[in-house]
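Colleague: build me a model:
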Amino acid sequence: MKRRVELFLIILLPILGLVFLGGKIMHLTKRPEQKITASSSKKVVQKSEEEIKKEQVAYLKEHEQEIVDYVKSQNPKIESVQIDWSDVRWSDGGFLFPDYSIEVYGTVNHIEDSGWSASMPINDDDSIDLKKISIFNDITIGEEILE
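Modeller: Numbers count the residues shown, from 1 in each chain. This next block holds a predicted model:
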């Protein structure tokens, strides 16, 4: 009986340690609901998450050509790129990749059933790093990967 308890503890303690450590990591990487974005000598101005997201989308729209050029550079068969501004998503990357990013989606060559998705990291100050843009799903037309 004593041996069973010892074996149970040997197995259980590392698992509990990993759960505790994972929880601490998630807590440390969790972003607050509101961020301080500007301050003056008299008052601190806070922006809501919604305001920050609107500003980030506006920034991407201002730099739309950079995104279009990047997607076009992925394949010589791409003549035009369309961005679906109604489908912009934010990601915390999950447990394995805790980077925050913004993701945009669209089509190519005005083909309705084509698709692509690009991801750009969000810096700690909520700015977007367009220099690190990446395609995170294959560019497709229908069910076929554009090669």
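Colleague: so where's the chain shaky on pLDDT?
Modeller: Low-confidence segments of the chain (pLDDT under 70): 1-9, 12-44, 95-98.
Colleague: quick one: the strands in it?
Modeller: 35-39, 44-47, 81-91, 101-108, 114-121, 134-141, 144-145 (DSSP state E).
Colleague: now those as a markdown table including mean neighbour count and distance to V57?
Modeller: Placement of C-beta: from N, CA and C, glycine included. Formatted as a markdown table, those follow (neighbours: other CB atoms under 10 Å; distance: least, CB to CB, whole Å):
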| stretch | mean neighbour count | distance to V57 |
| --- | --- | --- |
| strand 35-39 | 12 | 16 |
| strand 44-47 | 12 | 14 |
| strand 81-91 | 14 | 6 |
| strand 101-108 | 19 | 8 |
| strand 114-121 | 20 | 12 |
| strand 134-141 | 15 | 18 |
| strand 144-145 | 10 | 28 |
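Colleague: so which of those is nearest E66?
Modeller: strand 114-121 (9.9 Å; CB to CB).
Colleague: report the angle between that closest one and strand 81-91.
Modeller: 50 degrees (axes from the mean of the first three to the mean of the last three CA atoms, to 10 degrees).
Colleague: what's strand 114-121 in contact with?
Modeller: 60, 67, 70-71, 74, 81, 91, 99-108, 128-130, 132-137, 139-142, 146 (CB atoms under 8 Å, 6 or more residues apart in numbering).
Colleague: and I67, how many residues sit next to it?
Modeller: I67 has 19 neighbouring residues, counting by other CB atoms under 10 Å.
Colleague: that one contacts Q82, correct?
Modeller: No - applying CB atoms under 8 Å, one finds I67 not in contact with Q82, separated by 10.8 Å.
Colleague: which residues does N137 bridge with?
Modeller: S117 (DSSP bridges).
Colleague: and the one 4 residues further on, by the same measure?
Modeller: The residues paired with I141 through beta bridges, assigned by DSSP bridges, are S114, E144.
Colleague: switch to numbering from 38
Modeller: New numbering, starting at 38: the last item is I178.
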